[in-house]
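In: one predicted model, sequence on top.
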Amino acid sequence: QVQMVESGGGLVQAGGSLRLSCAASGLTFRTYAMGWFRQTPGKEREFVAKIGGSGVNAYYRDSVKGRFTISRDNAKNTVYLQMNSLKPEDTAVYYCGANRNYYALGSAGTYWGQGTQVSVSS
């Protein structure tokens, strides 16, 4: 059974930093693309960043480029999202996702964690 558990969310002032972690189990981690998505009330879940199984091919939504960094440690079955220069508009519940198909991440067949709240005050 696949399980993914996010941690590291919290309340931070604008300009601050947070590091999210997502620990996965029940899958062959290195064979899965991993990604981060976020959702605010009344809106659809949106893509934030993703990374290939070997740790290459990191890709970001435009609004977080240069501020967020995705990375993974395959020895620990964990993916990270380092978030710097946070803005109030980054406030959301952040979810990690896993899919064997890098290009299908976020679509059908994606495994999801339960989410962690990130709140950025102005």
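Out: Thanks, I have it.
In: ok, now which ones touch Gln1?
Out: Listed by CB atoms under 8 Å, 6 or more residues apart in numbering, the contact partners of Gln1 are Gly26. No exception for glycine: its C-beta is placed from N, CA and C like everyone else's.
In: separation between it and Leu27?
Out: Counting by CB to CB, to the nearest Å, the gap between Gln1 and Leu27 amounts to 9 Å.
In: could you do Gln114 as well?
Out: Summarising the geometry, the distance separating Gln114 from Leu27, computed by CB to CB, is 16 Å.
In: quick one: secondary structure of Glu89?
Out: helix (DSSP: H, G, I helix; E, B strand; the rest coil).
In: same deal with the one 5 residues further on?
Out: Secondary structure, three-state DSSP: Tyr94 is strand.
In: contacting residues for the closest residue to it other than its chain neighbours?
Out: Excluding the flanking residues, the one nearest Tyr94 by CB to CB, 6 or more residues apart in numbering is Arg38, at 4.9 Å. Counting by CB under 8 Å, 6+ apart, Arg38 touches 45-46, 48, 90, 92-95, 118.
In: how about the nearest residue to the spatially most central residue of the chain, chain neighbours excluded?
Out: Most central residue of the chain, judged by C-alpha distance to the mean C-alpha position with CA atoms, centre = their mean, is Trp36 at 2.2 Å. Counting by CB to CB, 6+ apart, the nearest residue to Trp36 once its immediate chain neighbours are dropped is Val48, at 4.4 Å.
In: now Ser7
Out: Using CB to CB, 6+ apart and skipping the chain neighbours, the partner closest in space to Ser7 is Ser21 (5.1 Å).
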